[in-house]
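Asks: Pasting a predicted model and its sequence here:
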Amino acid sequence: MKRINLCKLRMEASTHELLLVAEDSDEDYEVLEYIMQKLDVTTPIHRCEDGEAVIEFLQMEQPISAQAPKPAVILLDLNLPGVDGRQVLTRIKQSETFQTIPVVVLTTSMNPSDIDFCYRQGANGYLIKPMEIEDLETTIRGFIGFWLEINIPPEIEMKSV
Amino acid sequence: MTQSGSPHHPEDVPNSVDALSSLESKTEESKADLSHNRASSLPVHHPPNPLCGLIQPHGVVILAQGDALRIVRVSQNLESLLHWSPESALGRSLRDILGDRAFDYLLSVKPDIDQVFQATNPQYLPLTLASGQPLEGWLHWANEHWVLELEAAPQSSPIERSVAHRIQHFRSKVAQLQQATTVQTLLQDAAIATQQLTHFDRVLIHRFEPDGSGTVVAEVTAVKAFPGDGNPSDEAALPEPLPKLLPKPLPEPAYLGLRFPATDIPVVSRQHYARGTLRYVPDLEAPQVGFVPAFDTAAAELLRHTIVRAVDDCCVAYHRNMGVRAFLVIPLLQQGKLWGLMVAHHRAPVTLPVAVRLDCAWLGQILAAELAQKESQQMLVQRERLKGFQSEFLAAIAQSDDFVNDLVHPALRLLGLVNAQGAAVFFEDQITCVGEAPPEDDLTLLYSWAVDQVEDNIFFSDNLPQHYPPAAVNKDVASGMIFLLVSAVRRYAIAWFRPEVLHTIHWAGNPADSYQSGDDGSLQLCPRASFASWQETVRLTSLPWQPWEIESALDLRNAIVGVLLRKADEMARLNYELERSNQELAAFAYAASHDLKEPLRGISNYSRLLLNANQAQLDDKSVARLETLITLSRRMANLIDALLRFSRIGQAELNLQSVDLNRLLERVVETRELSGTHVSMELRIPRPLPHVFADPVLLSEVYNNLLSNAWKYNQSNAPWVEVGYYDANELRGLLASATEPPAAEPLVPEPLASKPPLALRSLPAPLLQALILQAPIFYVRDNGIGILPQHWDKVFELFKRLHSQKKYGGGTGAGLTISKKIIERHDGKINVCSDDSGTTFYWTLG
């Protein structure tokens, strides 16, 4: 009973949904896509290869419009060329408009100072990229299950400027 | 000795009394029961000076005022030189008395008298009267009066031959002085020269001591040269025969080496001498001469700086007691200060021409200059020696990291710096002594006292017990002290000590005799009757510290402070560089974790994709190779993780806390069981482990690594691992057994006896001794495969493996390196010892 209601809610909410992935490594992205296919993920995925692309995609520097994409969640690599993942995270979490978008970090770094930094900046999750595909699959399955299936994303309110 | 006729100033004398009372006297005579301390506390009455406003009869004094130099007062003996009665001269101009020629000359000299600058006041004024009579004259300016002193100039004198001859004569004497090699011969030569110039019976040179008393440092007497006096060989030393036979010989022996109390020369007289004024008294017994009109006491001040001023009763009696009838005092000035006096005595009245007196004054100036040079030369030699010594010392200190040990080794170097017999270096709560120094408990108290005494970082005294009475018990080592404060905050100071030197002062009579009790119980200064040597033993006093020794101590302080500052700078720079390199290392570690692993993950992932998606097209060999590729990538990733872990342990701050090792070990085992890495094997803990102060997470890693190894490298049928420790007492037992002959049964405590600690027992005794200081020693021992001795060091090298990957479950080869790093971060040490019965790791925790 409860489960049906949840699924119904998800269906309604997901009409404009998409998953934004910031990942510069083609190999890593290919494996990610492979796993997504394997897990039958239907949510559209948009890939940004660097930090600037994320900012551009979200139209953070443009007047706010209703047509602006509203990702349900952002999967963010920290080590991006140019504007790196930490800066993107800070930028999003300090923006009144975009700070409600969940940002989940997916990185190789096990550095405690990185983990601490990301949570302090407002990251909604911190995932380690494992070495093996099988382990990555487990990680991604958990991620999809929570963020794309169970979790209810915020409606990004477009305030008039 | 002389005592001038000027009025005593009551405030001047008690200072001298203080100087006396500071000496501890050994009093044997009844008179001496008049203790010095009492003397200083009682008022000293000076007899009223009946000679105030009088002059000696050999001179005439005229006082005049105004531009016309009108005579307002003359001495009663005016007629003896000028054929004017005092009454007739009063009210006249000096021109009337002296005649035009002499007066005009006087007017020409007058402007040279600078009324402020005392060196030109008075001016020497040799006059010739209209009658052709020569006069010696001096013109003063005093309190709105012109004071003219006159005395007869001798028509001829045996000494006053031609000017050229006099100069020649004088130059030879100066040359003789300049040849003197030591201060002592210089003084002696000067006394001889003065004697030869004056033909007086005796010439003494007094040197003033810091307390104001004077010591006779040179003496020349002509008495022995008298006919019938004995030693004819001395006669040759005297260039000219004495002019006349003398009625009574001066008392023998001489005053050489005797000390005269400060009271013998009143402060007022010293002030005269400090101006460079000669004192000339041709006949002490000659009746003094008054003035018309007579002086009152206040007006008599006008005569204060006249050369012919009268001699007071006290001074007359004093010299009479010495058998002296005439005297001449030549002040010796050094840099404006009174160094001493050259005093010539004669037993009969004598007239000394002005020219001779001036020669003597000149000689005095040359002597003073030569003295200054000689003394500074002597000082220079000593200082040069010290400087050479010192620069060597300071160079050594500059290299030093340990400011206590490098100061006191070698001990002679520290002592030699200030010529001390003992020294103590205070640093924080430690005291390190060299040579002869007071006991440590006394030094602690001394420090607390001395630290408040320092001025400009130094306190010194050659009479420490006087300033600090408790020091008296240590007088044999510390009657003199230099206390040099380097840093009050660090309680860093150096004290040098000198022992008591009992020395005897031979006073020229009991210093207490200078006072006599008056009827009302007050004290009166009185002339001395006896000049017999009166001995005083000075106690609790060391040899005095020389100025250059004090300077040397201060130089040492500067050097130490300089080095300390430089070291602080270096430290700051090193810290900065270290911080920067740490930051670089952190950046490197991050790069390693991310950037190195990314391509590896790619390799691994692509291999996996190939295996999963294209398995049908791959033969078995290709499948095996792709799987190896994945395994290798994983190993590479593990190595990178280990490297990262290693570098983070070096940087991370320790989270130090009290840790119960029993609980820590329980958790390690639990975790291993949970993670499935635990293999069944016996864990032996012979007795409960202690609490330690450490970072629990890191220490767990050490135990985990060591247990891992014990489990991994074990092929025994009944594998076990033992976790334990030895405390300091047990180590001492071991040390005892290690130093005993090998045959003896070692006295080893229970836990050791059951399992002989192989590695510890084989350690040399000194090392074991050092380990005791770091106790307890922890260990993990197994009955595994063991490690060959040549590999004991290698096991701690990063990524060093002793076995192939396939054996003993593989591994990165970083576990022991990381463990070692963790132990070292705790200021501890780790070591391994092994034989075919198993392996033991020992470590300490700082």
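Replies: Arrived safely. Everything numeric here is computed off the predicted structure, so don't read it as measured data.
Asks: okay, CA-based contacts and neighbour counts for the rest of this
Replies: Will do.
Asks: Provide the count of other residues in contact range of B:V451.
Replies: By other Cα atoms under 10 Å in any protein chain shown, the residues close to B:V451 number 18.
Asks: nope, B:C314 is what I was after
Replies: 19.
Asks: so which strand or helix has it?
Replies: Using DSSP states H and E, the element containing B:C314 is helix B:313-322.
Asks: can you give me the strands for the stretch 251-400 of chain B?
Replies: For the stretch 251-400 of chain B, the strands defined by DSSP state E, counting those that start in this stretch cover B:259-260, B:279-281, B:291-292, B:326-334, B:337-346.
Asks: Of those, which shows the lowest average pLDDT?
Replies: Least confident of these, judged by mean pLDDT, is strand B:259-260 with a mean of 80.
Asks: other SSEs contacting it?
Replies: The elements that strand B:259-260 packs onto, with contact taken as 3 or more Cα pairs under 8 Å, 6 or more residues apart in numbering or on different chains; DSSP states H and E, are strand B:214-221, strand B:503-508.
Asks: can you list the residues of chain A near chain B?
Replies: Proximity of chain A to chain B (Cα under 8 Å from any Cα of the partner chain) is limited to residues A:27-28, A:31, A:79, A:107-111, A:131-133.
Asks: Report how many residues lie close to the residue of the stretch 101-250 of chain B found nearest chain A.
Replies: Per Cα to the nearest Cα, the residue of the stretch 101-250 of chain B with the smallest distance to chain A is B:P210, at 73.0 Å. Using other Cα under 10 Å, the number of residues around B:P210 comes to 9.
Asks: Could you identify the most distant pair in the residues of chain A next to chain B?
Replies: Using Cα to Cα, the two most remote members of those are A:V31 and A:N111, lying 23.6 Å apart.
Asks: Neighbour count added to the residues of chain A next to chain B, as JSON lines?
Replies: Converted to JSON lines, the residues of chain A next to chain B look like this (neighbours: other Cα atoms under 10 Å in any protein chain shown):
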{"residue": "A:E27", "neighbour count": "17"}
{"residue": "A:D28", "neighbour count": "18"}
{"residue": "A:V31", "neighbour count": "19"}
{"residue": "A:N79", "neighbour count": "23"}
{"residue": "A:T107", "neighbour count": "22"}
{"residue": "A:T108", "neighbour count": "21"}
{"residue": "A:S109", "neighbour count": "23"}
{"residue": "A:M110", "neighbour count": "17"}
{"residue": "A:N111", "neighbour count": "17"}
{"residue": "A:M131", "neighbour count": "22"}
{"residue": "A:E132", "neighbour count": "17"}
{"residue": "A:I133", "neighbour count": "22"}
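Asks: Among the residues you listed, name the ones in helices.
Replies: A:27-28, A:31, A:133 (DSSP state H).
Asks: any idea which of those is closest to B:A300?
Replies: A:D28 (117.1 Å).
Asks: Would you check how far apart the closest one and B:H594 are?
Replies: Separation of A:D28 from B:H594 (Cα to Cα, to the nearest Å) stands at 13 Å.
Asks: returning to that earlier point: for the helix holding B:C314, enumerate the helices and strands it packs against.
Replies: Of the remaining helices and strands, none touches helix B:313-322 by 3+ Cα pairs under 8 Å, 6+ apart.
Asks: Who are the contact partners of B:V74?
Replies: Listed by Cα atoms under 8 Å, 6 or more residues apart in numbering or on different chains, the contact partners of B:V74 are B:60-63, B:86, B:89-90, B:291-293.
Asks: taking the residues you listed one by one, which sit in helices?
Replies: Mapping these onto helices (DSSP H) picks out B:86, B:89.
Asks: so can I have a markdown table of the contacts of B:V74 showing distance to B:Q334?
Replies: As requested, these are exported to a markdown table (distance: Cα to Cα, whole Å):
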| residue | distance to B:Q334 |
| --- | --- |
| B:V60 | 32 |
| B:V61 | 31 |
| B:I62 | 34 |
| B:L63 | 33 |
| B:P86 | 42 |
| B:A89 | 43 |
| B:L90 | 43 |
| B:F291 | 37 |
| B:V292 | 40 |
| B:P293 | 41 |
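Asks: okay if I get the contacts of B:V74 as JSON lines plus neighbour count and distance to B:A495?
Replies: Shown next, in JSON lines, are the contacts of B:V74 (neighbours: other Cα atoms under 10 Å in any protein chain shown; distance: Cα to Cα, whole Å):
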{"residue": "B:V60", "neighbour count": "25", "distance to B:A495": "62"}
{"residue": "B:V61", "neighbour count": "30", "distance to B:A495": "61"}
{"residue": "B:I62", "neighbour count": "25", "distance to B:A495": "63"}
{"residue": "B:L63", "neighbour count": "25", "distance to B:A495": "62"}
{"residue": "B:P86", "neighbour count": "20", "distance to B:A495": "70"}
{"residue": "B:A89", "neighbour count": "23", "distance to B:A495": "72"}
{"residue": "B:L90", "neighbour count": "20", "distance to B:A495": "71"}
{"residue": "B:F291", "neighbour count": "20", "distance to B:A495": "63"}
{"residue": "B:V292", "neighbour count": "17", "distance to B:A495": "67"}
{"residue": "B:P293", "neighbour count": "14", "distance to B:A495": "66"}
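Asks: Chain B - how does it break down into domains?
Replies: With domains defined by automatic domain parsing, chain B comprises B:392-503+B:544-559, B:567-632, B:653-727+B:776-843.
Asks: roughly how far is the first one from the heart of the chain?
Replies: The offset between the C-alpha centroid of domain B:392-503+B:544-559 and the centroid of the whole chain comes to 8 Å, using Cα atoms, centre = their mean, to the nearest Å.
Asks: What of the longest one?
Replies: With Cα atoms, centre = their mean as the basis, domain B:653-727+B:776-843 stands 58 Å off its chain's centre.
Asks: try the second one
Replies: Chain-centre distance of domain B:567-632: 65 Å, with Cα atoms, centre = their mean.
Asks: Give me the mean pLDDT for it.
Replies: 83.
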